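J.: Provided below are the primary sequence and the corresponding predicted coordinates.
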Amino acid sequence: MERPRLRWIAALLVGLLLAASQPPLTLWWVLPIGIAALYLLWCRAETGRRAFWTGWIAGTAYFAGTLFWIVEPFLVEPEKFAWMIPIALPAMAGGLALFWGGAFVLARRFAGNEWSRPLAFATCWMVAEALRGVVLTGFPWAQPGYSLVDVPPIQMAAFIGINGVTFLALLAGAFLGAALMPGKGTRRAVFAVLSLGIGAGSWGIGAARLADPVLPRDTPLRIGLVQPNVPQTEKWHPDLRDAQLADLLEKTRDLSARGADVVIWPEAATPFPIAEMPDLRAVIAERLRPGGVLLAGGIRVEGRGEETQRFHNSLLAVGSDGALLAAYDKQHLVPFGEYLPFDALLTGLGLRTVISLPGGFSPGADQDRVLDIADLPPFGVMICYEAIFPHEVIDRNAKVDWLVHVTNDAWFGKIAGPQQHLAQTRVRAIERGLPVARAANTGISAMIDAQGRITGSLALNSPGTLIRELPPKGRTTLYGRYEELGLFLMFLVAFILIALPGRKN
């Protein structure tokens, strides 16, 4: 077999190996090994074209291995959408892999000598990952840094965000690969020390943050989470929606009786327009304790009956007197899921959204993501997909004590998707130093503290309720204050070092 073919097979296997570092397996130690292996393959790519194919093949395998759950939405109504499955996963995996392929080509251009080579490799790869989070509305799912969600280095997200954590991981892996390359012993030793230093330093700083005591809340707040576990194939079925609402109400009554000050329903828990139904709000109020609040995922209709009528995927707050206290409309919608980009063109080609809603959802106006209602501490809202975008969670100057995440992960299947989504939500807690109350239709509902640790959860694909005291707010984090400034400074230093006159090999 020709050497290039062996290289392509090796790149594919390394991509699959890296996928094993992500939830649900979360084999975090695979991450630096996989990055080092890709660095070695990249170094052996004699041309820019071969460098591109190395990155693209590895990336396609990685994204296919992490995002295989994206076929699940097409199986909800297979008679309408199953034909898209052979297109969707290859197109998604291959499309995202273009970022890796392009990064590997650019890295060859910037790498002047063996001293700058691993730095250029990691920096260009990280630039590609950062762009993946914003291009065409962005899709930063399965960023390599999430592999570290269960070990101390993930706490670096409090200082430099998940992008910074990923950059450190790429640097550590690239330096490890450079230390394994044939060459002068001094150079290899320097790279080994750099790799070990990044890993050990991140581990030590993370462990110190985990050990840092957090002051308890002055006034305890008990949160009740509802997990109805309604399969997507049954959700909102005309013959079942009354029974589903009754179940939500019964679970709300139970949580309130157990002392819940706030009860949270998951995303789009009911099709009934709560904002327009005072009788339903009165029924809800009967299930709440005095002064209690329900935060319910639901549909809000704007301009009912008008030509400009719009449907919103919303979080609605209902008080114990039946009043509608506030509403937040989801702003970052899922392309092809909640709305159809270029709808006039694509509808003519026979494409449509996977939700059965004419015209899909409309994004909320540019509103504050923070709700300050009743006697509750102010909180930020994330609806499903919004939790994967770290810079969109809340304004960095917002005065917030906690975060609420409602989601319907029934769309994400029963294996990897829900667990990957939970991992990303945990990192949002770390970045902002804020606890998160997470209600998911099929799971995983959880209470998450300001260090991203789960203090209580409900099993995936199991109905139930969970009541926990809201963990205290952590100290204001550097990321919460400055967001991506830390990553920008890391890039600046990296590019300066790459541009310096290099030592001769």
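T.: Received it, and whenever you're ready, just let me know what you need. This one's a predicted model, so the numbers in the text were calculated from it and none came from an experiment.
J.: Could you use CA atoms for every contact and neighbour count after this?
T.: OK.
J.: isn't W56 right next to V105, touching?
T.: No. In this structure, W56 is not within contact of V105 by Cα atoms under 8 Å, at 10.3 Å.
J.: Of those two, which one has the most company?
T.: A count of neighbours by other Cα atoms under 10 Å puts W56 above the other of W56 and V105, at 28 against 24.
J.: residue ranges of the helices in the chain, please?
T.: 3-19, 30-43, 48-66, 78-81, 85-110, 117-132, 157-179, 185-211, 241-257, 278-287, 343-348, 416-432, 478-482, 485-499 (DSSP state H).
J.: What lies in contact with the third one?
T.: Residues external to helix 48-66 that are found in contact with it (Cα atoms under 8 Å, 6 or more residues apart in numbering): 7-8, 11-20, 22, 41-42, 45, 89-90, 92-94, 96-105, 108, 142, 416.
J.: what about it, distance to the chain center?
T.: Relative to its chain's centre, helix 48-66 lies at 22 Å (Cα atoms, centre = their mean, to the nearest Å).
J.: Same question for stretch 368-376.
T.: 23 Å.
J.: tell me the mean pLDDT over it?
T.: Stretch 368-376 shows a mean pLDDT of 88.
J.: Mind putting the helices of the chain into CSV with distance to R310 and mean pLDDT?
T.: Formatted as CSV, the helices of the chain follow (distance: least, Cα to Cα, whole Å; pLDDT from 0 to 100):
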stretch, distance to R310, mean pLDDT
helix 3-19, 39, 91
helix 30-43, 44, 97
helix 48-66, 34, 96
helix 78-81, 25, 68
helix 85-110, 28, 92
helix 117-132, 30, 97
helix 157-179, 34, 98
helix 185-211, 45, 96
helix 241-257, 22, 96
helix 278-287, 20, 96
helix 343-348, 15, 50
helix 416-432, 28, 97
helix 478-482, 33, 95
helix 485-499, 37, 93
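J.: Turn the ones you listed into JSON lines, columns for distance to L316.
T.: Output for these, formatted as JSON lines (distance: least, Cα to Cα, whole Å):
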{"stretch": "helix 3-19", "distance to L316": "37"}
{"stretch": "helix 30-43", "distance to L316": "40"}
{"stretch": "helix 48-66", "distance to L316": "33"}
{"stretch": "helix 78-81", "distance to L316": "31"}
{"stretch": "helix 85-110", "distance to L316": "33"}
{"stretch": "helix 117-132", "distance to L316": "32"}
{"stretch": "helix 157-179", "distance to L316": "29"}
{"stretch": "helix 185-211", "distance to L316": "34"}
{"stretch": "helix 241-257", "distance to L316": "15"}
{"stretch": "helix 278-287", "distance to L316": "11"}
{"stretch": "helix 343-348", "distance to L316": "28"}
{"stretch": "helix 416-432", "distance to L316": "21"}
{"stretch": "helix 478-482", "distance to L316": "26"}
{"stretch": "helix 485-499", "distance to L316": "34"}
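J.: looking at the ones you listed, which is closest to A398?
T.: helix 478-482 (9.5 Å; Cα to Cα).
J.: quick revisit: to R468, which of the helices of the chain lies closest?
T.: Closest among the helices of the chain, using Cα to Cα: helix 241-257, at 10.3 Å.
J.: What helices and strands are in contact with that closest one?
T.: Identification of packing neighbours for helix 241-257 by 3 or more Cα pairs under 8 Å, 6 or more residues apart in numbering; DSSP states H and E yields strand 222-227, strand 262-264, helix 278-287, strand 464-469.
J.: so what's F121 closest to, chain neighbours aside?
T.: A107 (5.0 Å; Cα to Cα, 6 or more residues apart in numbering).
J.: Surely that neighbour is in contact with A120?
T.: Yes. Counting by Cα under 8 Å, A107 touches A120, with 5.3 Å between them.
J.: Among those two, which residue is more densely surrounded?
T.: A120 (28 against 22).
J.: how close does that one get to A128?
T.: Per Cα to Cα, to the nearest Å, A120 is found 12 Å from A128.
J.: How about L316?
T.: 37 Å.
J.: which ones are touching the spatially most central residue of the chain?
T.: Central residue of the chain (Cα atoms, centre = their mean): I388, 2.9 Å from the mean position. By Cα under 8 Å, 6+ apart, the residues touching I388 are P140, W141, H421, Q424, T425.
J.: got a list of what A440 touches?
T.: V226, Q227, W265, P266, E267, V406, T407, N408, D409.
J.: actually T308, not the one I typed
T.: Taking Cα under 8 Å, 6+ apart as the test, T308 contacts no residue whatsoever.
J.: Now stretch 239-251 - C-alpha only, PDB.
T.: The C-alpha coordinates for stretch 239-251 follow below in PDB (Å, rounded to 0.1, in the frame of the first residue of the first chain):
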ATOM      1  CA  ASP A 239     -54.400  12.900  21.800                       C
ATOM      2  CA  LEU A 240     -51.700  13.000  24.400                       C
ATOM      3  CA  ARG A 241     -51.000  16.700  25.100                       C
ATOM      4  CA  ASP A 242     -53.700  17.000  27.800                       C
ATOM      5  CA  ALA A 243     -52.200  14.000  29.700                       C
ATOM      6  CA  GLN A 244     -48.800  15.500  29.300                       C
ATOM      7  CA  LEU A 245     -49.900  18.800  30.800                       C
ATOM      8  CA  ALA A 246     -51.600  17.000  33.700                       C
ATOM      9  CA  ASP A 247     -48.300  15.200  34.400                       C
ATOM     10  CA  LEU A 248     -46.400  18.500  34.400                       C
ATOM     11  CA  LEU A 249     -49.000  20.000  36.800                       C
ATOM     12  CA  GLU A 250     -48.900  17.000  39.100                       C
ATOM     13  CA  LYS A 251     -45.100  17.100  39.300                       C
END
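J.: Check the offset of it from the chain's centre.
T.: 29 Å.
J.: who touches that stretch?
T.: V226, P228, E234, K235, W265, T270, P271, I284, R287, G464, T465.
J.: so what's the last one scoring on pLDDT?
T.: Looking at T465, its pLDDT is 98.
J.: what residues are up against it?
T.: Taking Cα under 8 Å, 6+ apart as the definition, contacts of T465 comprise G224, L225, V226, Q227, K251, L255, L458.
J.: same question, the second one
T.: Going by Cα under 8 Å, 6+ apart, P228 touches Q244, D247, L248, N441, T442, S462, P463, G464.
J.: re earlier: Serialize the contacts of I388 to TSV and add fields for distance to Y62 and neighbour count.
T.: Output for the contacts of I388, formatted as TSV (distance: Cα to Cα, whole Å; neighbours: other Cα atoms under 10 Å):
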residue	distance to Y62	neighbour count
P140	14	20
W141	12	19
H421	17	21
Q424	18	23
T425	21	26
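J.: and P377, how far is that from V262?
T.: Taken as Cα to Cα, the span from P377 to V262 is 11 Å.
J.: Equivalent analysis for Y39, please.
T.: Taken as Cα to Cα, the span from Y39 to V262 is 50 Å.
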